[in-house]
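Novice: here is a sequence together with a model predicted from it:
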Amino acid sequence: MVTAPQFQEIPMILSISGVVLLGVVVFLFFRKDNLKASHGLVCALFGFYLAGTGIAPSIKAGGASLASLLGGIKF
């Protein structure tokens, strides 16, 4: 019997820290690079609607892969 591959869920801590990190980046762009509030709103809406498309699992898998790559770096 062949089973479908199971996608590994991203831990909630990783997604929350990712949101916080991206929020800080947007805030810095807003303060330093004259990002307008309307630009930020368009980006947020784009991300919201992108999350509902068929490409969302690929983006999640890419984010998880990048997080595991960064997590494996030894200093």
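Specialist: Received, thanks. Keep in mind it's a predicted model, so treat the numbers as computed, not measured. Numbers count the residues shown, from 1 in each chain.
Novice: for residue 62, see how far away residue 68 is.
Specialist: Noted for residue 68: a distance of 11 Å to residue 62, by Cβ to Cβ, to the nearest Å. C-beta: built from backbone N, CA, C; applies to glycine.
Novice: which secondary element of the protein has the worst mean pLDDT?
Specialist: Lowest on mean pLDDT, DSSP states H and E among the helices and strands of the chain sits helix 12-32, with a mean of 75.
Novice: ok, then the element right after it?
Specialist: The first helix or strand that comes after helix 12-32 along the chain, using DSSP states H and E, is helix 37-50.
Novice: so which elements touch that next one?
Specialist: helix 12-32 (3 or more Cβ pairs under 8 Å, 6 or more residues apart in numbering; DSSP states H and E).
Novice: distance from the chain centre to stretch 58-65, please.
Specialist: 8 Å (Cα atoms, centre = their mean, to the nearest Å).
Novice: how about stretch 47-63?
Specialist: Relative to its parent chain, stretch 47-63 has a centroid offset of 9 Å by Cα atoms, centre = their mean.
Novice: how long is it end to end?
Specialist: 14 Å (Cα to Cα, to the nearest Å).
Novice: buried stuff in that stretch?
Specialist: residue 60 (16 or more other Cβ atoms under 10 Å).
Novice: could you pull up the mean pLDDT of that stretch?
Specialist: Stretch 47-63 comes out with an average pLDDT of 83.
Novice: contacts for stretch 37-53?
Specialist: 26, 30, 56, 59 (Cβ atoms under 8 Å, 6 or more residues apart in numbering).
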